[in-house]
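Q: got a structure for you, letters missing:
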């Protein structure tokens, strides 16, 4: 299965296209406000408002053999712990080998932003190259799952 942390996800359409090609069931999880897909493989899950409710819904269900699409690093860490494969929107794979460093960097940057009011940027914009890397990474992950790797 594929779980999409859909609030602010720029690659929902790409996930649906690649997931459909592989016959994968997909859960698009959000707090609402998204246009539901008519695709029978896509289940739109609307969770109640609240901090991290969508994240907890995904974390409670994702297991080995599943793919989680998220930019939320703490959610990624929980899913990796459960054996799921995690991809960020730009195609970067988060794994047991790198999640510790990614979490540490996230925490460091949060501390720096809170200490310096001039460091309040939103990061770099999502690009065509990011979308292309994501499509390639998702295709590779689904191929690995099909091969049992």
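A: Yep, it's here. This structure is a prediction, so every number in the text was calculated from the model and none was measured.
Q: select the longest helix from this structure.
A: helix 128-147 (DSSP state H).
Q: buried residues, it. List them.
A: 130-131, 133-135, 137-138, 141-142, 145 (16 or more other CB atoms under 10 Å). For glycine as for every other residue, the C-beta is placed from the backbone atoms N, C-alpha and C.
Q: what does stretch 80-94 give?
A: 80, 82, 84-92, 94.
Q: hang on, residue 1 packs against residue 22?
A: No - Residue 1 is not in contact with residue 22 according to CB atoms under 8 Å; the separation is 11.1 Å.
Q: higher neighbour count, these two?
A: In this view residue 1 and residue 22 are compared by other CB atoms under 10 Å, and residue 1 has more residues nearby, 18 against 15.
Q: for the more buried one, which residues are in contact?
A: 24-27, 62, 65-67 (CB atoms under 8 Å, 6 or more residues apart in numbering).
Q: equivalent analysis for residue 128, please.
A: Here residue 128 is in contact with no residue (CB under 8 Å, 6+ apart).
Q: how close does it sit to residue 87?
A: According to CB to CB, to the nearest Å, residue 128 and residue 87 sit 17 Å apart.
Q: ok, now residue 28?
A: Taking CB to CB as the measure, residue 28 falls 15 Å from residue 87.
Q: can you get me a residue count around residue 37?
A: Counted by other CB under 10 Å, the residues lying close to residue 37 total 16.
Q: so where is the chain shaky, pLDDT-wise?
A: Along the chain, the parts satisfying pLDDT under 70 run over 106-123.
Q: helix, strand, or coil at residue 43?
A: strand (DSSP: H, G, I helix; E, B strand; the rest coil).
Q: that one is in contact with residue 28, isn't it?
A: Yes - using CB under 8 Å, residue 43 is in contact with residue 28, at 7.2 Å.
Q: which one's more surrounded, those two?
A: residue 28 (23 against 14).
Q: mind listing what the more buried one touches?
A: If you count contacts by CB under 8 Å, 6+ apart, residue 28 has them with 4, 6, 12, 15-16, 34, 37, 42-45.
Q: try it again at 10 Å.
A: Residues counted as contacts of residue 28 (CB atoms under 10 Å, 6 or more residues apart in numbering) are 2-6, 9, 12, 15-16, 34, 36-37, 39, 42-46, 69.
Q: just the buried ones from those residues?
A: Buried members of the contacts of residue 28, counted by 16+ other CB under 10 Å: 2-6, 9, 12, 15-16, 37, 42, 44, 46, 69.
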